[in-house]
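**Q** this one's structure only:
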């Protein structure tokens, strides 16, 4: 378990995340919570689905995150004629060697940007299933490992239906979180006109972190402690979606795992080596809502999955705080229990 004894390395990791966040926020003005969630998913080894109306910066956010890290980046423009082999790769017969040679597809990168993912056919979308879950690709019986870190950042337009194919449930379940960028505030939009009016800030964006730095961050997040009470809280929230009368499909066990990993990453971003129920609550809507299917009656009543998750959060009992139960099982000498205030990134 990662502890605060190794303060020098933790300071370096804190500085790394701060550099990446500042770099992305220099392109995406006025959306710090969206940038934080993106970094949370990255450190939790998840994949991010950015869903919003056209022109609010979905692809810009994905590109800014990718360019802020010195790693391999590939962009896939999803279209109806895109083939699965364009994503995963294909084996081609080499006449000179008299053997098949594997040509890697666009998925063989550390950060993969999938633009307008719902414009590709379900057959092509399914090419991402193995790589997103198992971080590998199997072609002609041979398995190829994907690089680390590996993250898929996909965008889609929720209002345009012409020429689109809704993401199947298995595909949505692979995404750790869904985020909506939303319209900027008046001040942020005015600032955007000044910054983006001449040239795109993406052109001057330089990497501020290396891939091996992100790998270290991910290892640190894995060591964040989660008490049994917090684990049970996450399970209770997810289980409640499976029996809610307004839902015909609840969240899967994979959703519970994603919620726990995201909570650990959120705790690390807040400078804590332990997760709290607050981390679970803050991420529940982003991690769970896109996996849920409301019933027909709920849709007629205009009940959204986000509203159902909020209702479940209000009804589910919250575990006692560390002060009430004497800590979350990691000792009273741990940071955050009176000896060292949490550091917030």
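**A** Thanks, I have the structure now. Computed from a predicted structure; not experimentally measured.

**Q** what ranges do the strands span in the stretch 201-345 of the chain?
**A** Remark: strands assigned in the stretch 201-345 of the chain by DSSP state E, counting those that start in this stretch are 209-210, 247-249, 293-294.

**Q** Which of those strands sits closest to residue 164?
**A** Proximity of these to residue 164 was assessed by Cβ to Cβ; the nearest stretch is strand 293-294, lying at 17.9 Å. The way it works is simple: take the backbone N, C-alpha and C, and place the C-beta from them, glycine included.

**Q** How far does that closest one sit from its chain's centre?
**A** 21 Å (Cα atoms, centre = their mean, to the nearest Å).

**Q** hmm, back to that, Serialize the strands of the stretch 201-345 of the chain to a markdown table and add fields for distance to residue 121.
**A** Shown next, in a markdown table, are the strands of the stretch 201-345 of the chain (distance: least, Cβ to Cβ, whole Å):
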| stretch | distance to residue 121 |
| --- | --- |
| strand 209-210 | 36 |
| strand 247-249 | 22 |
| strand 293-294 | 21 |
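
**Q** Can you tell me which of the ones you listed has the worst average pLDDT?
**A** In terms of mean pLDDT, the lowest-scoring of the strands of the stretch 201-345 of the chain is strand 209-210 (a mean of 90).

**Q** Strand partners (parallel or antiparallel) of it?
**A** When pairing is defined by DSSP bridges, strand 209-210 lines up against strand 69-70 (parallel).

**Q** Show me what secondary structure element comes after the strand it pairs with.
**A** Later in the chain than strand 69-70, the nearest helix or strand by DSSP states H and E is strand 73-77.

**Q** ok, residue 27 - how many residues close by?
**A** The local packing of residue 27 (other Cβ atoms under 10 Å) involves 23 other residues.

**Q** contacting residues around it?
**A** Residue 27 makes contact with 60-61, 63-64, 201-202, 205, according to Cβ atoms under 8 Å, 6 or more residues apart in numbering.

**Q** how about a cut-off of 10 Å?
**A** When contacts are counted by Cβ atoms under 10 Å, 6 or more residues apart in numbering, residue 27 touches 35, 57, 60-61, 63-65, 67-68, 192, 195-196, 200-202, 204-205.

**Q** In helices, which of the residues you listed fall?
**A** In helices, judged by DSSP state H, the following of these are found: 35, 60-61, 63-65, 67, 192, 195-196.

**Q** Distance of the residue of the chain most remote from its centre relative to residue 102?
**A** Relative to the C-alpha centroid of the chain, counting by Cα atoms, centre = their mean, residue 96 is the outermost residue, at 43.7 Å. Between residue 96 and residue 102 the distance, using Cβ to Cβ, to the nearest Å, works out to 16 Å.

**Q** Could you turn the buried ones of the ones in helices among the contacts of residue 27 into a PyMOL selection?
**A** Buried members of these, identified by 16 or more other Cβ atoms under 10 Å, are gathered into one PyMOL selection as follows:
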select buried, resi 35+60+61+63+64+65+67+192
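
**Q** surely residue 51 meets residue 158?
**A** Yes. If you go by Cβ atoms under 10 Å, residue 51 and residue 158 touch, sitting 5.2 Å apart.

**Q** So which of the two has more stuff around it?
**A** Taking residue 51 and residue 158 together and counting by other Cβ under 10 Å, residue 51 has the greater number of neighbours (20 against 13).

**Q** Out of the strands of the stretch 201-345 of the chain, which is closest to residue 306?
**A** Closest approach to residue 306 among those is made by strand 293-294 (10.3 Å; Cβ to Cβ).

**Q** now residue 274: how far from residue 254?
**A** According to Cβ to Cβ, residue 274 stands 23 Å off from residue 254.

**Q** number of nearby residues for the nearest residue to residue 239 once chain neighbours are set aside?
**A** Among residues not flanking residue 239 along the chain, residue 250 sits closest, at 7.9 Å (Cβ to Cβ, 6 or more residues apart in numbering). Applying other Cβ under 10 Å, we find 18 residues neighbouring residue 250.

**Q** and what of residue 302?
**A** 8.

**Q** what residues are up against residue 263?
**A** With contacts defined as Cβ under 10 Å, 6+ apart, residue 263 is in contact with 40, 44, 224, 226, 230-231, 233-234, 275-284, 287.

**Q** In helices only, show me these.
**A** Residues from the contacts of residue 263 lying in helices, with DSSP H as the criterion: 40, 230-231, 233-234, 277-284, 287.

**Q** Can you list the strands that the helix or strand harbouring residue 101 pairs with?
**A** Residue 101 is located in strand 99-104, with elements delineated by DSSP H and E. Strands adjacent to strand 99-104 in the sheet, as given by DSSP bridges, are strand 89-94 (antiparallel).

**Q** Okay, domains of this protein per the record?
**A** 1-223, 224-345 (automatic domain parsing).

**Q** Hmm, residue 39 and residue 270 touching each other?
**A** No. Between residue 270 and residue 39 there is no contact, the gap being 11.8 Å when judged by Cβ under 10 Å.

**Q** Could I get the contacting residues of residue 169?
**A** If you count contacts by Cβ under 10 Å, 6+ apart, residue 169 has them with 249, 252, 291-293.

**Q** Show me which of those residues are buried.
**A** Neighbour-count burial within the contacts of residue 169 applies to 252, 291-292; the criterion is 16+ other Cβ under 10 Å.

**Q** Thanks again, I'm all set now.
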